[in-house]
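Trainee: Sequence first, then the predicted structure:
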Amino acid sequence: MNETLRPVTIERQRLDKALTEAAKRADPVSRAQIEAFESALRVRRRGSLAHGASLKGEIDQLTMPEIKDSGIFGNERTMSLIDHVITAVLPRLDANEDVTSIARAMLEEEVDRRRDLQARMEEGGDIE
């Protein structure tokens, strides 16, 4: 299953047509929301086209999360989450005992690997 991911292309006419069709079938409140969305989209499109932005860029900007604190990806946060899974999530899972013990062993191995990596980084040693 080594399928190449292809970029999704959005055809504006198809998107506009789909929105129009949805608006026709919608109740009055939903129709008003769709019309407001279409209006905001048109205004945004005009502004972005004036600045040379692409629709793909606009969608990426709207859908990609803004991460203000990169510390959430740090080792401490990861270790805390793994510990939470081991102590709080695994015991409550409705799963076979073998499955939970294998999951616990894998997570504990990951914790050990991360601790070892952190120790080597603090020593300034080789990281393999």
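Mentor: Yes, it's here.
Trainee: Output the below-cut-off pLDDT ranges for this protein.
Mentor: Along the chain, segments meeting pLDDT under 70 span 1-12, 19, 23, 45-55, 125-128.
Trainee: Tell me how it divides into domains.
Mentor: Domain segmentation of the chain under automatic domain parsing yields 12-63, 70-123.
Trainee: Any chance of a markdown table for those, columns mean neighbour count?
Mentor: Heads up, the C-betas are built off the backbone N, CA and C, glycines and all. Shown next, in a markdown table, are those (neighbours: other C-beta atoms under 10 Å):
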| stretch | mean neighbour count |
| --- | --- |
| domain 12-63 | 11 |
| domain 70-123 | 12 |
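Trainee: Which parts of this structure are helices?
Mentor: Remark: helices assigned in the chain by DSSP state H are 12-25, 28-50, 55-63, 75-84, 97-123.
Trainee: can you pull the contacts of I102?
Mentor: By C-beta atoms under 8 Å, 6 or more residues apart in numbering, the contact list for I102 is empty.
Trainee: what's the distance between D94 and T100?
Mentor: 10 Å (C-beta to C-beta, to the nearest Å).
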